[in-house]
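# sequence and predicted structure, then a few things I'm wondering about:
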Amino acid sequence: MDLRRLRLLRELARLGSMREVADELGVTTSTVSQQLAVLAREVGVELIEPAGRRVRLTPAGRRLARHAVTILAAVDAARLDLDPHAEPAGTVRVAGFATAVRRSLLPVAADLAVRHPAVRLRIHEHEPAEAHALLTADEVDLALTYDYHLAPAPADHTVEATPLWSASWGLGVPAGAPPVTGTSPEVFRRFAADDWIVNSRNTADEVVVRAVAAMADFVPRVEHRADSLELVQDMIVAGLGVGLLPADQPTLPGVRLVPLSGPEVRLRSYAVTRRGRAGWSPLALVLDLLTARAATG
């Protein structure tokens, strides 16, 4: 059905006469009559009937006019939603790892609530591979992911990744362990006989652990896997092993963070969208707020 003809029918239902419809829309009465006749042929039912010297909608015409109101409102809403100059409005679905949600997304959510209340966030906590799968399946609009410069994420030309922030990581060891300094391989070699703790839902940190250990000429004995950084620290305190921890977050009593350099272990975070989708105004706004926040630390 042609939207222009639906609009004529909607206006006839509202105004009650073809003359008033013609005057309202700047066309002739003959045009209104002809287009409504075409619409009637398209739907296969009579839409108007004589009523003295005027016309009125048939029961089918009134039903279609009600549908026309809904259809045309949805079309107008879609146009407004896609208008880059319109005030952003809509729900942005985000999948991201916990640190990025806390550090980047929650402050953006607070900003949106004050300055752009028509934009809402729907947040799902996921590791990068899970978030990427949801993005590929069109179940989220934005993925907050990470990799390490020693374990870069594979290239994917179907998405666009915007760098956000990065953070150095160190080696979390029991506070009572003997002091150790040196390059990353030298630090790792000191704990070659220890058990190692890695992420249970992502392989990137294990790749880093194995790469640095290889530089130190040993194979790490990975015995424990945990998703929560808090649990990793609890396991270190319990003497179950050592593991990578972010250098910009506090450690528990009983955990000492040994700096790593030569090479450095650095996590890099990204805001990832499907290629060509970042122009949607609510998503573009969220991306702008995320990058602005990352730029200011």
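Okay, I see it. Just so it is clear, the structure is predicted and the values come from calculations on it, not from any experiment.
# got the contact list for the strand or helix carrying Arg93?
Counting by DSSP states H and E, the element that carries Arg93 is strand 90-96. For strand 90-96, the surrounding residues in contact (C-beta atoms under 8 Å, 6 or more residues apart in numbering) are 81, 101, 105, 118-126, 130-131, 134-135, 139-145, 280-283, 286. The way it works is simple: take the backbone N, C-alpha and C, and place the C-beta from them, glycine included.
# if you set the cut-off to 7 Å instead, what comes out?
81, 105, 119-126, 130-131, 134-135, 140-144, 282-283, 286 (C-beta atoms under 7 Å, 6 or more residues apart in numbering).
# endpoint to endpoint, stretch 128-147 covers what distance?
End-to-end span of stretch 128-147 (C-alpha to C-alpha, to the nearest Å): 8 Å.
# thinking again about what came up before, show the buried residues in the contacts of strand 90-96.
105, 119, 121, 123, 125-126, 130-131, 134-135, 140-144, 282-283, 286 (16 or more other C-beta atoms under 10 Å).
# thinking again about what came up before, just after the strand holding Arg93, pick out the following helix or strand.
Following strand 90-96 in sequence, per DSSP H and E, is helix 98-100.
# pLDDT averaged over that following helix - what is it?
On average, the pLDDT along helix 98-100 is 95.
# quick one: buried residues of that helix?
Thr99, Ala100.
# following that helix, which helix or strand comes up?
Past helix 98-100, the next helix or strand by DSSP H and E is helix 106-115.
# may I have that next one as CSV, with CA atoms only?
What follows is helix 106-115, C-alpha atoms only, in CSV (Å, rounded to 0.1, in the frame of the first residue of the first chain):
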residue,chain,number,x,y,z
LEU,A,106,28.1,3.4,34.1
PRO,A,107,29.3,7.1,34.1
VAL,A,108,27.8,7.4,30.6
ALA,A,109,24.5,6.0,31.8
ALA,A,110,24.4,8.6,34.5
ASP,A,111,25.2,11.3,32.0
LEU,A,112,22.4,10.1,29.7
ALA,A,113,19.9,10.1,32.5
VAL,A,114,20.5,13.8,33.1
ARG,A,115,21.2,15.2,29.6
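# and it, how far from the chain's centre?
15 Å (C-alpha atoms, centre = their mean, to the nearest Å).
# now do it: everything it contacts.
In contact with helix 106-115 (C-beta under 7 Å, 6+ apart) are residues Val119, Leu121, Val286, Leu289, Leu290, Arg293.
# among those residues, which are located in helices?
Using DSSP state H, the members of these that fall in helices are Val286, Leu289, Leu290, Arg293.
# helix, strand, or coil at the closest residue to Gly297 other than its chain neighbours?
What sits nearest to Gly297 in space, not counting adjacent residues and going by C-beta to C-beta, 6 or more residues apart in numbering, is Trp165, at 7.8 Å. Following DSSP: H, G, I helix; E, B strand; the rest coil, we place Trp165 in the strand state.
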